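**Student:** give the three-dimensional model of this entry:
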Amino acid sequence: MTITLYGIKTCGSVKKAITLLDKHNIPFHFVDLKTTKPSKEQLKSWIESQGIKVVLNNKGTTYKTLKKEGKIGDEILDSTTDSMLEMQIETLFNTPMLLKRPIITSDTYLIIGYNESEILELIHAFQHRKL
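**Tutor:** Presented below is the predicted three-dimensional model:
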């Protein structure tokens, strides 16, 4: 089982997730969203799995700034038609700071945003797979 954590090093939620994984000696690969964009295929699968309202961080500074500048609107959170999905993917690909963090993936898990109980469930699954 390979675990990947997407985030930025200065994000409080990302720091908490890293601390939790480290505390349980869980190896993971860190992807810094400031330097590495997720692929459009990853973004599409995340949106289709969890929904844009989970994937997009509409409470963060980036969203609020883009909205204030008129570069993004609440319509991005609308239900997913094919054309809306393409626009959501393009927006997140071009501005990965709009992603809710952390994003933790493995073979069978997708955790978006800091959710301690879900992260602990992943840790438990990882530990028991290794026995």
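
**Student:** and the residue nearest the centre of the chain, what does it touch?
**Tutor:** Taking CA atoms, centre = their mean, the centroid of the chain lies closest to residue 103, which sits 3.1 Å from it. Residue 103 makes contact with 5, 6, 7, 38, 46, 110, 111, 112, according to CB atoms under 8 Å, 6 or more residues apart in numbering. Glycine gets a C-beta too; all of them are placed from N, C-alpha and C.

**Student:** just the buried members of those?
**Tutor:** With neighbours counted using 16 or more other CB atoms under 10 Å, the contacts of residue 103 contain these buried positions: 5, 6, 7, 38, 46, 110, 111, 112.

**Student:** tally of neighbours for residue 97?
**Tutor:** Residue 97 has 17 neighbouring residues, counting by other CB atoms under 10 Å.

**Student:** could I get the contacting residues of the spatially closest residue to it that is not a sequence neighbour?
**Tutor:** Closest residue in space to residue 97, ignoring its immediate chain neighbours: residue 62 at 4.3 Å, by CB to CB, 6 or more residues apart in numbering. Counting by CB under 8 Å, 6+ apart, residue 62 makes contact with 95, 97, 98.
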